[in-house]
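**Q** return a 3D structure for these sequence lines:
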Amino acid sequence: MSFWPEIETAVAVRLLPGGEVEVCAPFGLDSLLSGKVSPNPRKGHALAKQRAEKKGWLERWPNLRFSDL
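**A** Here you go, the predicted model:
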């Protein structure tokens with residue numbers, strides 16, 4: 001997950017026995033929960049921007065903010 005194009009998309013969640021939820025977020029959750037998209041420093045800006053445009057993120061979430069794109 002640390003190699004995913006945006007740091008906010010590098011999140012995994014699984015349900016554990018007993019109903020507990022385990023979250024793995026190598027870059028943390030703060031920027032995701034604040035509605036921000038930031039390129040992964042290992043992947044660069046171009047790929048993150050391309051994916052955001054292709055997936056129509058701004059059309060779906062107009063308040064989304066891009067950091068360093």
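**Q** so where do the strands sit in this protein?
**A** Taking DSSP state E to define them, one finds strands in the chain at 12-15, 21-24, 36-37, 65-66.
**Q** show me the contacts for residue 1.
**A** Each residue near residue 1 by CB atoms under 8 Å, 6 or more residues apart in numbering is listed here: 10-12, 24, 26. Any C-beta I mention is one placed from the backbone N, CA and C, and that applies to glycine too.
**Q** now do residue 62, the pLDDT please.
**A** pLDDT, residue 62: 92.
**Q** hmm, back to that, most packed of the strands of the chain?
**A** Most buried of the strands of the chain, by mean neighbour count (mean count of other CB atoms under 10 Å): strand 36-37, with a mean of 20.
**Q** relative to residue 38, which of the contacts of residue 1 is nearest.
**A** Nearest to residue 38 among the contacts of residue 1: residue 10, at 10.5 Å, using CB to CB.
**Q** any idea how far residue 31 is from that closest one?
**A** Between residue 10 and residue 31 the computed distance is 11 Å (CB to CB, to the nearest Å).
**Q** quick one, what contacts residue 29?
**A** Residue 29 makes contacts with 11, 23, as judged by CB under 8 Å, 6+ apart.
**Q** same thing with residue 16?
**A** Neighbour list for residue 16: residue 22 [criterion: CB under 8 Å, 6+ apart].
**Q** now the strands of the chain in JSON lines, with mean pLDDT?
**A** Listed next are the strands of the chain as JSON lines, based on pLDDT from 0 to 100:
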{"stretch": "strand 12-15", "mean pLDDT": "96"}
{"stretch": "strand 21-24", "mean pLDDT": "96"}
{"stretch": "strand 36-37", "mean pLDDT": "90"}
{"stretch": "strand 65-66", "mean pLDDT": "86"}
